[in-house]
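Chemist: Below are the sequence and a predicted model; questions follow.
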Amino acid sequence: MNLTLRIWRQNGPEDPGAMHEYEVRGVSEESSFLEMLDILNEELFERGEEPIAFDSDCREGICGQCGLVINGIAHGPEVTTTCQLHMRHFNDGDTITIEPWRANGFPVIRDLVVNRSAFDRIIQAGGYISVNTGAAPDAHATPIPKQDADKAFEAAACIGCGACVAACPNASAMLFTSAKVTHLNLLPQGKPENLKRVNAMLNQMDAEGFGACTNIGECAAVCPKQIPLDVISTLNRQLGKALFKGL
Ligand code: SF4
Ligand code: FES
């Protein structure tokens, strides 16, 4: 495949940035999207030009590092991570637009790389257990209802990629925050401070500059781990309890 790529280039956080156009030739439809960018970067390197900065680590859909907005959609035309997106979903001669996540909470560091440490701070605000839990218990020592275990596991599948924020017109981090709250609060180990945790994580989300949730649902539509919208309802129910108790 021969492709035209329109890619956002930004030479640092203060640079205004702009779209640049590149031609890339001979891309196999079996290549992943990131391998296609590797091919372009090798060409740029050989020409003595600055390669395009983009993030990736596992390239297996696990780490959540590789988010890009492709043709206006977070992670592109398939509901998966960018590293798991393959070029067979594009056609020879296509023009593909590639941009970084756009959100106040995710400032651009360079080109397609954004700073997602706001997510770490949201987790730090409430995503831990403050009591001493001692040594690791035997697997079945703490009985957990199957329904709760399944729900917690489903929420824990969130990889913190940030696609939910990038897709949301309000740039809200509500799906991510709710997934983290849900998986911690449903398990017995997370119950003692569950309401405090909801408040702390939501306050941090606001402080990081993410927007409010207005139930649009774009977040769940692009989530590569299929985190369902009902984790937001779970969080809202717990927030109601926290407010009722004056926490
Ligand atoms: S909720 Fe989904 S889209 Fe949002 S950070 Fe987690 S895995 Fe990514
Ligand atoms: S590089 Fe790890 S999820 Fe894509």
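Modeler: On my side now, so go ahead. Ligands and ions are numbered 1, 2, ... in the order given.
Chemist: in the chain, which spans are helices?
Modeler: Remark: helices assigned in the chain by DSSP state H are 33-46, 117-126, 146-156, 163-167, 174-185, 194-207, 218-222, 230-244.
Chemist: near ligand 2, which residues of this protein show up?
Modeler: The chain comes close to ligand 2 at residues 56, 57, 58, 59, 61, 62, 63, 64, 65, 66, 81, 83, as judged by Cβ under 6 Å from any ligand atom. The way it works is simple: take the backbone N, C-alpha and C, and place the C-beta from them, glycine included.
Chemist: For the protein, which helix or strand comes out least confident on mean pLDDT?
Modeler: Sorting the helices and strands of the chain by mean pLDDT, DSSP states H and E puts helix 230-244 at the bottom, at a mean of 91.
Chemist: So is that one next to ligand 1?
Modeler: No. Helix 230-244 lies out of reach of ligand 1 by Cβ under 6 Å from any ligand atom, never closer than 8.2 Å.
Chemist: For that helix, which outside residues touch it?
Modeler: With contact meaning Cβ atoms under 8 Å, 6 or more residues apart in numbering, helix 230-244 is reached by 155, 174-175, 177-179, 181-182, 185-186, 194-196, 198-199, 202, 213, 215.
Chemist: just the buried members of those residues?
Modeler: 155, 174-175, 177-179, 181-182, 185-186, 194-195, 198-199, 202, 213 (16 or more other Cβ atoms under 10 Å).
Chemist: Under the pLDDT cut-off, which ranges of the chain? List them.
Modeler: Applying pLDDT under 70 to the chain flags the ranges 127-130.
Chemist: for ligand 1, what are the nearby residues on it?
Modeler: So the chain meets ligand 1 at 158-164, 175-176, 179, 223-225, 227 (Cβ under 6 Å from any ligand atom).
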